[in-house]
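Novice: This is a predicted model, with the sequence first.
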Amino acid sequence: MKCVMCNKGTLKETNVEYKEYRVLLGKYKASVCTKCEEAFFDTETAKKIQVKSKELGLLGLAKRQKWLKLAIA
């Protein structure tokens, strides 16, 4: 299958480390492009990542940071 991001590489199943805000959430199964290295997660894996992100207080952090900057300004 061709990569939908670069349309040049093909997707290869592998395990990748996933980070949010420089915090490692773990290694997850993904389809990774051989050219641009973009990683694609299936629905079940994406849900696992969201649960882990929520447990660590990272889910929605960008939105909270934006609100905090507006409140301080």
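Specialist: Nice, thanks for sending it over.
Novice: C-alpha from now on. contacts and neighbour counts both.
Specialist: Noted.
Novice: And what about the most centrally placed residue in the chain, helix, strand or coil?
Specialist: Central residue of the chain (C-alpha atoms, centre = their mean): Tyr18, 6.0 Å from the mean position. When classified by DSSP: H, G, I helix; E, B strand; the rest coil, Tyr18 comes out as strand.
Novice: What separation do you get for it and Lys8?
Specialist: 23 Å (C-alpha to C-alpha, to the nearest Å).
Novice: Same check on Tyr28?
Specialist: Tyr28 is 24 Å from Lys8, where distance means C-alpha to C-alpha.
Novice: Which residue of those two possesses the greater neighbour count?
Specialist: Taking other C-alpha atoms under 10 Å, Tyr28 and Lys8 do not tie; Tyr28 has more neighbours (15 against 12).
Novice: is it true that Lys12 touches Val32?
Specialist: Yes: look at Lys12 against Val32 with C-alpha atoms under 8 Å: they come within range, at 5.2 Å.
Novice: Who has more neighbours out of the two?
Specialist: Val32 (21 against 17).
Novice: mind listing what the more buried one touches?
Specialist: Shown in contact with Val32 (C-alpha atoms under 8 Å, 6 or more residues apart in numbering): 10-14, 38-40.
Novice: low-scoring stretches of this structure, by residue?
Specialist: Scanning the chain for pLDDT under 70 picks out 61-73.
Novice: Helices of the chain, residue ranges please.
Specialist: 43-55, 61-72 (DSSP state H).
Novice: Which elements pack onto the first one?
Specialist: The one in question is helix 43-55. With contacts defined as 3 or more C-alpha pairs under 8 Å, 6 or more residues apart in numbering; DSSP states H and E, helix 43-55 has these neighbours: strand 23-33.
Novice: What residues does the residue nearest to the centre of the chain make contact with?
Specialist: Here Tyr18 is in contact with 24-28 (C-alpha under 8 Å, 6+ apart).
Novice: Of the residues you listed, keep whichever come out buried.
Specialist: Leu25 (16 or more other C-alpha atoms under 10 Å).
Novice: just the contacts of Tyr18 now: which is nearest Thr45?
Specialist: When these are ranked by distance to Thr45 (C-alpha to C-alpha), Tyr28 comes first, at 6.9 Å.
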